[in-house]
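>>> sequence? don't have it. structure:
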């Protein structure tokens, strides 16, 4: 009953998130050097990025584990962590101090991946329950 599309998407999302994290970190550093980035706002933007990375690791692990073992609980926890990651992604998309076109592109792709991943998780949980 394991979902192959979900497993593939979790793998691709893990690779994409590494790229996303490094690119967003580089852009925050770039923005702090080029623009007049208020010191009070640099720390929260970095904290959100690192908190998002801390959520991504267990979210992906629980997603892999839940899908491969056909267990609803890990997939449900992974789905809950995905909601937290979506909120943090929305912060970086809408409320970050400076938002560049690259930020919009990176966050848009990540939000689409989260949406597709969430739908596949719900379908997998439904298949495991029945």
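Thanks, I have it. Since this is a predicted model, take the numbers as computed values, not measurements.
>>> any idea where the helices of the protein begin and end?
Ranges of helices in the chain, per DSSP state H, are 4-34, 39-69, 72-90, 101-129.
>>> The ones you listed into a markdown table, with extra columns for mean pLDDT?
What follows is the helices of the chain, written out as a markdown table (pLDDT from 0 to 100):
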| stretch | mean pLDDT |
| --- | --- |
| helix 4-34 | 97 |
| helix 39-69 | 96 |
| helix 72-90 | 97 |
| helix 101-129 | 97 |
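>>> With mean neighbour count added, can I get these in JSON lines?
From N, CA and C alone the C-beta is placed, and that goes for glycine too. Conversion of those to JSON lines gives the following (neighbours: other CB atoms under 10 Å):
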{"stretch": "helix 4-34", "mean neighbour count": "15"}
{"stretch": "helix 39-69", "mean neighbour count": "17"}
{"stretch": "helix 72-90", "mean neighbour count": "17"}
{"stretch": "helix 101-129", "mean neighbour count": "16"}
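>>> Enumerate every residue touching the residue nearest the centre of the chain.
Within the chain, the residue whose C-alpha comes closest to the C-alpha centroid is residue 85; the distance, by CA atoms, centre = their mean, is 4.8 Å. Residues in contact with residue 85, defined by CB atoms under 8 Å, 6 or more residues apart in numbering, are 52, 55, 56, 59, 114.
>>> nearest to residue 12, of the residues you listed?
Checking these against residue 12 with CB to CB, the nearest one is residue 114 at 12.3 Å.
>>> I'd like the distance between that closest one and residue 49.
16 Å (CB to CB, to the nearest Å).
>>> repeat for residue 77
22 Å.
>>> what's the answer for residue 74, then?
Residue 74 is 25 Å from residue 49, by CB to CB.
>>> go on, residue 128?
Residue 128 is 33 Å from residue 49, by CB to CB.
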